[in-house]
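A.B. asks: test case, fold it:
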Amino acid sequence: MFRYATLVMVFILASVGLQAQSSSQGELMDRLRAMEEKAAARDAQIADLKQRLGDYEAANLENNELETLLNGILEDNGPTVDTPKSISLKVGGQLRYRGEFRTVKNYAGGVQEDTDFVIQRTRLHFDFSVMKNVRAFVQLQDSRFWGEENSTVGDLEGVDIHQAYVDFENVFGHDWTFRVGRQELSYGDQRLVSPLDWSAVGRSWDGVRTWYTTEDFQLDLFVTNISERSLAPNGEQDDDHVFSGIYFHFTGWENHEVDAYLFYRNFSSGTFVGEDGVLGDRDEFTFGLRFKGHTGGFSYSAEGDYQFGNNANDDIEAYAWALKAGYTFGGDWKPHVGLEWDFASGDDDPTDGDAGTFNPLYPFGHAYQGFLDIFAWRNGHDFVFRVNAQPTEELWIEAAVHYFLLDSDTDSWYNAAGNPIRTVGGGVSNEVGTEIDIHAKYKLNPSTLLWIGYSHFFSGDYVSDTGDDPDVDWVYFQMTVNF
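C.D. replies: Okay, the predicted model is just below:
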């Protein structure tokens, strides 16, 4: 009886063991099938990765999808997305405050006396590098006079985009860059094309610029739209204002540089007035050469321009030059003495069908024809004597004297913005006057620059011959904080 019971127990245990073995084999097979499926998926991912790597190597490009694919292969829980390592962001800006007091605001339309104000400019920029050779830059700006708003609570205006562009670098595998969007332009000594940083607003242009750079030269080409005259829904018409140009900058000679350029402006609005009163467009070309350099303590620059084209039914034929020479002495203060002669032609006959007044395009007038901005590189001579020194690393001081003469007394006296101040038919003196500028800059710390100055204008015989002739006094203080 015991033997039968023992056989039954052995049979039961054997059955249980076989069932357990069968269950274990089933689970093992399921795991093997899952591993095979996962391995097949990874093989597919690896094959895809190899294919993409081959494409990237052939195209010589970088792509952040590589990081995502690698994560998917190495992580058991599937693909993950991380912030691509090639993206970077730089944030910066500027706060600038300037207070001014001036005894004569303007000589035009009767003398307007005494003006004072504080103007503030705020800029904030974001500089993105999304991937190699692709950069985006956005700069916001707000400019306002202190107290111009009756209530700051209700103000929703003022902030604008000063710059917003994308750079594509190393195009075609060379040192060739394309810039698309709103941008500042600055060429040479900024006598013709300048972002006009002194202004509380400054200039920028909407368009496309490209430049090619080598060790010895840079070649620039650009096309910008100054004014889109026909907006939707009226449809496109040929009445835009376009500014374009080509600029060649050569630095192959040590301590010297040579520039050659051609600028073109097309104003198709039909609002320009010829000397016979006929309305029309303006097509204007400006060809120029610039030389600049230094040897030892001696420095020089020479720039000459010829302007041609059509203004309505008049022929444009104007010219200008700017000559500078100076010498910097040794010593701790580094004193510098310089002379300058800026000349721009005027129109000596307003009835001959020839427009002889030189137009300086978009200049940094405040930097050259005196800080009072009452004279332009347009119909006139500006003879300048200046001396400056740097007593310390933080302090820089300068004094300059300007003597202004008109080229033609039948043309206008123009301010730095290119607007006529006074116009007479001739028969008056061409001596506009003399301006004295004294100013100093002090670097308070690596981020803060202080600028203070005083200017006085002694009105000349032309001013007294054509109307009221008070002298002008002007003082200003400016603080700029960059971050």
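A.B. asks: what separates the closest residue to Ala367 other than its chain neighbours from Asp197, distance-wise?
C.D. replies: Ranked by C-beta to C-beta, 6 or more residues apart in numbering and with sequence neighbours excluded, the top spatial neighbour of Ala367 is Gln190, at 6.8 Å. C-betas here are computed from N, CA, C, even on glycine. Going from Gln190 to Asp197 by C-beta to C-beta, to the nearest Å gives 9 Å.
A.B. asks: what is the burial count for Val134?
C.D. replies: Other residues within reach of Val134, judged by other C-beta atoms under 10 Å, total 14.
A.B. asks: from Phe248, how far off is the closest residue to it other than its chain neighbours?
C.D. replies: Excluding the flanking residues, the one nearest Val134 by C-beta to C-beta, 6+ apart is Phe168, at 6.2 Å. Using C-beta to C-beta, one gets 22 Å for the distance from Phe168 to Phe248.
A.B. asks: would you mark the buried spots in the helix or strand hosting Arg96?
C.D. replies: Taking DSSP states H and E as the definition, one finds Arg96 inside strand 88-106. Under the neighbour-count criterion of 16 or more other C-beta atoms under 10 Å, strand 88-106 has 94-96, 98, 102-104 buried.
A.B. asks: just to revisit the earlier point, wait, the residue nearest to Ala367 touches Pro360, no?
C.D. replies: No. Gln190 lies out of contact with Pro360 (C-beta atoms under 8 Å); the separation is 10.5 Å.
A.B. asks: which of the two has more neighbours?
C.D. replies: Shown here are Gln190 and Pro360; by other C-beta under 10 Å, Pro360 has more neighbours (26 against 18).
A.B. asks: contact partners for the closest residue to the more buried one other than its chain neighbours?
C.D. replies: Among residues not flanking Pro360 along the chain, Trp377 sits closest, at 4.4 Å (C-beta to C-beta, 6+ apart). When contacts are counted by C-beta atoms under 8 Å, 6 or more residues apart in numbering, Trp377 touches 191, 320, 322, 342, 344, 358, 360, 363, 365, 368-369.
A.B. asks: helix/strand/coil for Trp377?
C.D. replies: coil (DSSP: H, G, I helix; E, B strand; the rest coil).
A.B. asks: check this structure and tell me which residue is nearest its centre.
C.D. replies: Glu184 (2.1 Å; C-alpha atoms, centre = their mean).
A.B. asks: surely that one touches Pro195?
C.D. replies: Yes. When contacts are counted by C-beta under 8 Å, Glu184 is listed as touching Pro195 (4.0 Å).
A.B. asks: find residues that contact each of those two.
C.D. replies: 202-204.
A.B. asks: ok, which stretches of the stretch 101-250 of the chain are strands?
C.D. replies: For the stretch 101-250 of the chain, the strands defined by DSSP state E, counting those that start in this stretch occupy 112-131, 134-145, 159-168, 176-183, 205-213, 217-227, 241-250.
A.B. asks: reformat the ones you listed as JSON lines; add distance to Tyr442 and mean pLDDT.
C.D. replies: Listed next are the strands of the stretch 101-250 of the chain as JSON lines, based on distance: least, C-beta to C-beta, whole Å; pLDDT from 0 to 100:
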{"stretch": "strand 112-131", "distance to Tyr442": "19", "mean pLDDT": "92"}
{"stretch": "strand 134-145", "distance to Tyr442": "24", "mean pLDDT": "95"}
{"stretch": "strand 159-168", "distance to Tyr442": "27", "mean pLDDT": "95"}
{"stretch": "strand 176-183", "distance to Tyr442": "31", "mean pLDDT": "97"}
{"stretch": "strand 205-213", "distance to Tyr442": "33", "mean pLDDT": "97"}
{"stretch": "strand 217-227", "distance to Tyr442": "34", "mean pLDDT": "96"}
{"stretch": "strand 241-250", "distance to Tyr442": "32", "mean pLDDT": "97"}
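A.B. asks: is it possible to get CSV of the ones you listed that adds distance to Asp437?
C.D. replies: As requested, the strands of the stretch 101-250 of the chain are exported to CSV (distance: least, C-beta to C-beta, whole Å):
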stretch, distance to Asp437
strand 112-131, 18
strand 134-145, 24
strand 159-168, 28
strand 176-183, 31
strand 205-213, 29
strand 217-227, 31
strand 241-250, 29
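A.B. asks: nearest to Phe291, out of those strands?
C.D. replies: strand 241-250 (10.0 Å; C-beta to C-beta).
A.B. asks: pLDDT weak spots in the protein?
C.D. replies: 1-26, 28, 49-50, 52-86, 151-157, 229-238 (pLDDT under 70).
A.B. asks: how's it carved up into domains?
C.D. replies: According to automatic domain parsing, the chain comprises the domains 2-74, 88-482.
A.B. asks: and those, which is most packed in?
C.D. replies: Most buried of those, by mean neighbour count (mean count of other C-beta atoms under 10 Å): domain 88-482, with a mean of 16.
A.B. asks: end-to-end on that one?
C.D. replies: 20 Å (C-alpha to C-alpha, to the nearest Å).
A.B. asks: can you check stretch 341-351 too?
C.D. replies: End-to-end distance for stretch 341-351, by C-alpha to C-alpha: 29 Å.
A.B. asks: contacts for that stretch, please.
C.D. replies: 275-276, 318-323, 354-358, 360, 368-369, 376-384, 406-408, 410-411.
A.B. asks: please list the members of these that lie in strands.
C.D. replies: 318-323, 354-355, 380-384, 406 (DSSP state E).
A.B. asks: so who does Arg96 touch?
C.D. replies: Contacts of Arg96 (C-beta under 8 Å, 6+ apart): 120-123, 200, 478-481.
A.B. asks: return the member of those nearest to Ile87.
C.D. replies: Arg123 (23.2 Å).
A.B. asks: the closest one contacts Gln163, doesn't it?
C.D. replies: No. If you go by C-beta under 8 Å, Arg123 and Gln163 don't touch, sitting 9.3 Å apart.
A.B. asks: hey, where'd the helices end up in the chain?
C.D. replies: 2-59, 65-74, 461-466 (DSSP state H).
A.B. asks: now do the last one: which elements does it pack against?
C.D. replies: Spelled out, that is helix 461-466. strand 431-445 (3 or more C-beta pairs under 8 Å, 6 or more residues apart in numbering; DSSP states H and E).
A.B. asks: sheet partners, orientation included, of the strand it packs on?
C.D. replies: Here strand 431-445 has these sheet partners by DSSP bridges: strand 395-406 (antiparallel), strand 448-459 (antiparallel).
A.B. asks: output these in a markdown table; the columns should cover distance to Ile46.
C.D. replies: As requested, those are exported to a markdown table (distance: least, C-beta to C-beta, whole Å):
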| stretch | distance to Ile46 |
| --- | --- |
| strand 395-406 | 64 |
| strand 448-459 | 57 |
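A.B. asks: out of those, nearest to Glu257?
C.D. replies: Once those are compared by C-beta to C-beta, strand 395-406 is nearest, at 23.3 Å.
A.B. asks: pull up the gap between Ala399 and Tyr454, please.
C.D. replies: For Ala399, the distance to Tyr454 - C-beta to C-beta - is 10 Å.
A.B. asks: anything in contact with each of the two?
C.D. replies: 437-438.
A.B. asks: go through the shared contacts of Glu184 and Pro195 and name the one nearest Ala440.
C.D. replies: Gly202 (23.2 Å).
A.B. asks: wait, the closest one sits on Pro195?
C.D. replies: Yes. If you go by C-beta under 8 Å, Gly202 and Pro195 touch, sitting 5.3 Å apart.
A.B. asks: what sits in contact with each of the two?
C.D. replies: Shared contacts of Gly202 and Pro195, counting by C-beta under 8 Å, 6+ apart, come down to Glu184.
A.B. asks: sounds good, over and out.
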